[in-house]
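# With the sequence up front, the predicted model follows.
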Amino acid sequence: MRIGIVGATGQVGGVLRGILAERSFPVTELRLFASARSAGRTLPWQGGEVTVEDAATVDYRGLDIVIFSAGGATSKALAPKVAAAGAVVIDNSSAWRHDPDVPLVVSEVNPDAIANRPKGIIANPNCTTMATMPVLRPLHQEAGLTALVATTYQAVSGSGLAGVAELHTQVCKVAETADQLAFDGESVDFPELAVYERPITPERAAELLATAPGVELSSIPTPLQAAGKDVSYVGRIRTDETVEHGLALFLSNDNLRKGAALNAVQIAELVAAAAHT
Ligand code: NAP
């Protein structure tokens, strides 16, 4: 497959290249795109280098799949042009998520939805949604989920390379007095609440989740455990006695992998498989 990545110089773009290689995605040609600022830079790929092209001015013809990770404005402006040139667009931004003609796909949950893409665009949900859906699907099938209260803590990398650089600067500034900080991430305990139509016990939920694709049980899921891993870790599953049929659980997942790049590659795998049938 001839693959393009728009936003190749960013965090998600870098993880995308890694995941395409790790999963031995059948890439016959890789083209990398970013803003005019990065045009001419080279990035490593399979022992060689690929030159970054200016996304705004290139000819996209000849590509099979183009994955966008360059912000909503870029996706809005360029995705239709890329789709018109013949590629299937998989978009990581928020630009197309509310468009009824653009399927919103989590590979473990609704893979068949990729087939109905009248605009040639498939959207990746928000990273927190993608982390949560592989966990909620088997519980919903069992007990009929009717309401969800989610408390989320997003990684600073969710704000792009600039956000990570800002945190790095701040951390360096406070490093000498860090032991005086009153915060302890491991002591934070904000469970996620789910309300179901039918009763479901924590034991049954754990039994279902033990075999759910993209999910791994963990006694205490933490961001450190999830960073760099593909699965959604779920644990601390308890009955929530404040509501009828309530279940509380804690989950953690890597926003750059399943929350963005991994799901995009999994969708690309579905598109590639469909193209060969
Ligand atoms: P990032 O590290 O800041 O990278 C942004 C990328 O977009 C860079 O490659 C940048 O190229 C490119 N870009 C910016 N303006 C552009 C333009 N006008 N034309 C073409 N390329 C342009 O951001 P990120 O964390 O990788 O996130 C990228 C996208 O993925 C965003 O849409 C974000 O919402 C989405 N997303 C991110 C996460 C996450 O956890 N980070 C999760 C899910 C979805 P230059 O280097 O040339 O500026």
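Nice, thanks for sending it over. Note that the structure is predicted; figures quoted are calculated from it, not measured.
# any idea which strand is longest in the chain?
Ranked by number of residues, the top strand in the chain under DSSP state E is strand 232-240.
# could you point out which element follows the helix or strand of the chain with the lowest mean pLDDT?
None of the helices or strands of the chain scores lower by mean pLDDT, DSSP states H and E than strand 192-196, at a mean of 59. For strand 192-196, the following helix or strand on the C-terminal side (DSSP states H and E) is helix 202-210.
# how about R198, what does it touch?
E142, A143, G144, H245 (CB atoms under 8 Å, 6 or more residues apart in numbering). Quick note: C-beta positions are derived from backbone N, CA and C, even for glycine.
# From N110, how far out is the residue nearest to the third one when sequence neighbours are not counted?
For G144, the nearest residue in space outside its immediate sequence neighbours is E197; the separation is 3.3 Å by CB to CB, 6 or more residues apart in numbering. Remark: distance between E197 and N110 (CB to CB, to the nearest Å) = 20 Å.
# same question, T51
37 Å.
# residues contacting the closest residue to the ligand within the stretch 1-150 of the chain?
When scored by CB to the nearest ligand atom, the stretch 1-150 of the chain has G10 as its residue closest to the ligand, at 2.1 Å. Shown in contact with G10 (CB under 8 Å, 6+ apart): A34, S69, A70, G160, L161.
# what's the closest non-adjacent residue to the third one?
Translated: A70. G7 (3.2 Å).
# Now the one you found: phi and psi?
With angles defined as degrees, to the nearest 10, G7 sits at phi 100, psi 30.
# pLDDT score for it?
G7 is assigned a predicted lDDT (pLDDT) of 98.
# Give me the neighbour count for it.
Neighbour count of G7, defined by other CB atoms under 10 Å: 26.
# Looking at stretch 50-64 now, give me its mean pLDDT.
98.
# let's number from 14 now, not from 1
Let's use 14 as the start, then, which means that last one is stretch 63-77.
# wait, does that stretch contact the ligand?
Yes. Stretch 63-77 lies within reach of the ligand by CB under 6 Å from any ligand atom, at A68, A69.
# which residues sit against that stretch?
14-17, 19, 21-22, 42-49, 51-57, 79, 83, 87, 91, 94-95, 98-101, 284-285, 288.
# What of stretch 106-124?
Taking CB under 8 Å, 6+ apart as the rule, stretch 106-124 contacts 81-89, 92, 104, 126-127, 129-132, 134-139, 142-143, 146-147, 150, 225-227, 276, 279-280, 282-283.
# Could you pick out which of those are located in helices?
Taking DSSP state H as the definition of helices, the contacts of stretch 106-124 contribute 85-89, 92, 142-143, 146-147, 150, 276, 279-280, 282-283.
# what two of the residues you listed have the greatest distance between them?
Greatest spatial distance among those (CB to CB): A86 and R150, at 31.9 Å.
# What about the residue nearest to A288 when sequence neighbours are not counted, how many residues nearby?
Distances taken as CB to CB, 6+ apart place D77 nearest to A288, at 7.4 Å, with adjacent residues excluded. By the criterion of other CB under 10 Å, D77 has 18 neighbours.
# now D77: how far from A274?
D77 is 18 Å from A274, by CB to CB.
# Likewise for G176?
From G176 to A274 the distance is 17 Å (CB to CB).
# who's in contact with V28?
Contacts of V28 (CB under 8 Å, 6+ apart): L269, R270, A273, A274, L275.
# if I read this right, the last one contacts L33, doesn't it?
No. Shown here, L275 and L33 do not form a contact pair, counting by CB atoms under 8 Å, at 10.4 Å.
# any weak-confidence spans in the chain?
Where the chain drops to pLDDT under 70, the residues are 186-187, 189-206, 208-209.
# got the domain boundaries for it?
What automatic domain parsing lists as the domains of the chain is 15-138+271-288, 142-267.
# Can you tell me which of these is most buried?
domain 15-138+271-288 (a mean of 19; mean count of other CB atoms under 10 Å).
# How far off centre is that domain?
13 Å (CA atoms, centre = their mean, to the nearest Å).
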